[in-house]
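Pasting the sequence and the predicted model now:
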Amino acid sequence: MSIGRTDLNLLKVFEAVYEERNLILAGKRLHLTQSAVSHALRRLRELVGDELFVRTGKGMEPTGRAMAMAPSLLDSLRRIQDALGVEPFSAEQSRRRFVIAANDHVTEVIIAPLSRELLQVAPAVDLVIRPSTRLDLAEQIDLGRIDLAIGIFSQVPPRFSSRDLMSQGESILMRKGHPASRRELRLEDLAKYPLVTLSVGGHEEGAVGGFIVERGLARQSEMFDRQALERALLASQEPPRVRVTVPHSLAIPALLRDTDMLAIVPASLARALADSGDLISRPSPYAAEGETMRAVWHGRDDHDMGHTWLRELIAKTARAVEQTLR
């Protein structure tokens, strides 16, 4: 195929169909009719000599050739856009859609206030939240299907950029009326009462030392410092019993209700759940290593003005949350 025969607009159609997996959604994104997208896709198929996308019950699934083309093609398109320059980003007028990977804890403490802020400063900007627990998170960022991921990352590959958002420790949640609620929480309480913990992936998903590594990106799987807890209770005759481990933080209130279990959770989540329910938050009676929440994105978006604006707004939101924990 000669590059001289290639209409670069066809490559934008490839990008939209690849990321949306739907001709109608791709058309809306490009401001084209479904017929125009189909026509452009047919021309691109003729140029490449491959079907590129096959219609299935799940949408337009890419062929092996399309999967092989996508990473370098999408990266090249973004480099061209950077080289040509972009129009200044206007939050008030933008109708852009951003895809953010976040778990329900991050959604509760950062995405919710971020959404309220967007209603004021960028009312036409939309957010799509995808689970940051998916095993192909790094691949989704590579392919441009996720703009930014928020979480705890111990390792970020060189092709990605990152920014610290907020730091926090751990807290203990319990129901109102719990036997330990009327006094300072003690270490022996963590040995006496069964525990609830958060884990978004175990050894079966390849987690090692509380982190899952995929394509060079190491993301947190266990949402508490297990080693610190075990060290603190090393001399106890009753070691801690983790009775329930859940992948979703919003299940915790139901688990603690009408029981004497204690939940070990990030401090920001403890504050949010205690403020909105029948739970009480207490400082941890042992010293756990603090965790730093970070935003991670592909380096190709470093100079995207809209992306930069969103990152600044997220950082501002996170700083406000961190202030409430002091």
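Nice, I can see it. Since the structure is predicted, the reported quantities are computational estimates derived from the model, not experimental observations. Residues are numbered from 1 along each chain as shown.

from here on, contacts and neighbour counts on C-alpha atoms
Fine.

Report the residue spans of the stretch 1-150 of the chain with pLDDT below the cut-off.
Applying pLDDT under 70 to the stretch 1-150 of the chain flags residues 1-6, 82, 84-88.

now the strands: where do they sit in the stretch 101-250 of the chain?
126-130, 148-151, 153-155, 160-168, 170-175, 195-198, 211-214, 217-220, 242-246 (DSSP state E, counting those that start in this stretch).

Got phi/psi on Leu143?
phi -80, psi 0 (degrees, to the nearest 10).

residues contacting the closest residue to Ile264 other than its chain neighbours?
Distances taken as CA to CA, 6 or more residues apart in numbering put Ile172 closest to Ile264, at 4.8 Å, once the chain neighbours are dropped. Listed by CA atoms under 8 Å, 6 or more residues apart in numbering, the contact set of Ile172 reads 262-265, 270, 281-284.

which residues does Ile172 bridge with?
Ile264, Arg282 (DSSP bridges).

ok, the residue nearest to Glu214 when sequence neighbours are not counted - contacts?
Nearest non-adjacent residue to Glu214, counting by CA to CA, 6+ apart: Ala138, 6.5 Å away. Contacts for Ala138 (CA under 8 Å, 6+ apart) come out as 214-217.

wait, which of the residues you listed is closest to Leu52?
Arg215 (24.7 Å; CA to CA).

and that closest one, what pLDDT?
We have a pLDDT of 83 for Arg215.

Just give the number of residues close to it.
12 (other CA atoms under 10 Å).

didn't it look like it was pressed against Ile141?
No - Arg215 is beyond contact range of Ile141, at 10.6 Å (criterion: CA atoms under 8 Å).

So the residue nearest to Ile264 versus Leu32, what's the distance?
In this view, Ile172 and Leu32 are 53 Å apart by CA to CA, to the nearest Å.

Ser38 and Ile24: what is the separation?
For Ser38 relative to Ile24 (CA to CA), the value is 10 Å.

hmm, I was thinking of Phe89
Distance from Phe89 to Ile24, by CA to CA: 26 Å.
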